[in-house]
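>>> Dropping a prediction and its sequence here:
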Amino acid sequence: MKDGQEVRRASTAVIAGVCGLALLTGGGIAWWTANRSPTPADTPSSAQTTAPPLSPSPAESPAVVIPVPPPNPVQVPQVQTPTAQTPQVQTPNALVPKSSQPKPLPQTDVQTVQVYWVKDASGKFEGVPTKVAVKQADKPDAALQAAFNSLLAGPKDGTVSSEIPNGTKLRGLSVKNDGVYVDLSAEFTSGGGSNSMTGRLGQVIYTATSLQPNTKVWISVEGKPLELLGGEGLEVAQPSTRQSFDKNFPL
């Protein structure tokens with residue numbers, strides 16, 4: 001029995017020694033591994049870890065078509081150039097030449113009639129015709145009315161005079177187929193002697209026949225035919241003409 005116990009003790013001691021040796025061996029290997037410098041073969045290349053992956057070649061890559069929209073037309077704003085306005089130069093009135101004489105009316109716009117005045121010549125009256133320009137009228141009535149208005153207004157020339165009393169008015173005048181009809185106010189028969197009555201009667205007859213010298217004249221006062229003129233009873237023919245007046249009342 002003692003031999004068996006001794007053999008069992010010896011086996012246990014051997015196992016314990018082997019295990020201790022294994023521990024020592026393993027610890028030494030671990031220490032040596034931890035303290036030795038790494039070799040280039042053991043360290044992986046940094047170039048291999050950092051190198052980017054290789055791109056496929058153009059032959060291997062499929063073509064990608066990206067649609068490109070057409071460019072929008074660029075609108076250029078139109079710049080309007082302001083139109084240069086030429087300033088109008090106003091000529092001062094002082095620089096504008098003025099005609100020294102008024103322009104006469106065109107011949108188609110005026111008509112000439114004669115107004116008869118009287119002039120004392122050695123105690124007798126002398127008839128003096130004066131041309132008066134009046135506005136052209138379609139009818140002779142208007143032209144003769146303008147002539148009588150000038151006659152009754154009196155002369156502007158101091159060398160002639162009128163025997164028709166002041167204030168005499170033309171009440172009416174008409175031109176008919178058989179002659180000229182003249183109607184005067186009552187002032188026509190007032191005042192004056194025989195020479196004055198003859199002078200004023202001749203002024204009326206000659207002025208009324210200025211457009212047609214051979215026409216007949218009917219004279220009335222306040223609408224009544226004039227038969228006697230003045231206090232001396234100067235007889236007036238109805239109708240009167242230039243020829244009858246010159247025969248009955250020579251000036």
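That came through, no problem.
>>> going forward, measure contacts and count neighbours with C-alpha atoms only.
OK.
>>> Low-confidence ranges, the protein, go.
Along the chain, segments meeting pLDDT under 70 span 1-14, 16-20, 22-24, 26-28, 30-108, 122-123, 137, 251.
>>> ok, 50 please
Applying pLDDT under 50 to the chain picks out residues 1-3, 5, 7, 40-53, 55-56, 58-59, 61, 91-102, 105.
>>> And the helices in it?
Remark: helices assigned in the chain by DSSP state H are 2-35, 46-50, 140-153, 194-208, 242-248.
>>> distance of residue 140 from residue 226?
From residue 140 across to residue 226, the span is 23 Å (C-alpha to C-alpha, to the nearest Å).
>>> Between those two, which has more neighbouring residues?
Between residue 140 and residue 226, counted using other C-alpha atoms under 10 Å, the more crowded position is residue 226 (19 against 15).
>>> which residues touch the closest residue to that one other than its chain neighbours?
Leaving aside its sequence neighbours, residue 226 sits nearest to residue 220 (C-alpha to C-alpha, 6 or more residues apart in numbering; 4.8 Å). Contact analysis of residue 220 by C-alpha atoms under 8 Å, 6 or more residues apart in numbering lists 181, 182, 183, 184, 226.
>>> distance of the closest residue to residue 178 other than its chain neighbours from residue 201?
Spatial nearest neighbour of residue 178, chain neighbours left out: residue 216 (7.0 Å); criterion: C-alpha to C-alpha, 6+ apart. Distance of residue 216 to residue 201, computed by C-alpha to C-alpha: 14 Å.
>>> likewise residue 234?
Distance, residue 234 to residue 201, by C-alpha to C-alpha: 10 Å.
>>> what's the answer for residue 241, then?
In terms of C-alpha to C-alpha, residue 241 sits 11 Å off from residue 201.
>>> just the strands in the stretch 51-200 of the chain please.
Under the criterion DSSP state E, counting those that start in this stretch, the stretch 51-200 of the chain contains strands at 110-121, 124-135, 170-176, 179-184.
>>> Can you get me a residue count around the closest residue to residue 154 other than its chain neighbours?
Leaving aside its sequence neighbours, residue 154 sits nearest to residue 162 (C-alpha to C-alpha, 6+ apart; 6.5 Å). Other residues within reach of residue 162, judged by other C-alpha under 10 Å, total 20.
>>> How about residue 247?
By the criterion of other C-alpha under 10 Å, residue 247 has 10 neighbours.
>>> Report how many residues lie close to the residue nearest to residue 178.
22.
>>> and what of residue 188?
Counted with other C-alpha under 10 Å, residue 188 comes out at 22.
>>> that older thread, tell me the most buried of the strands of the stretch 51-200 of the chain?
Ranked by mean neighbour count, these are led by strand 179-184 with a mean of 21 (mean count of other C-alpha atoms under 10 Å).
>>> Contacts for it, please.
Strand 179-184 has contacts (C-alpha under 8 Å, 6+ apart) with 168-175, 208-209, 215-223.
>>> what's across from residue 229 in the sheet?
residue 234 (DSSP bridges).
>>> wait, isn't it in contact with residue 196?
No - Residue 229 lies out of contact with residue 196 (C-alpha atoms under 8 Å); the separation is 10.5 Å.
>>> Fine, thanks again, bye for now.
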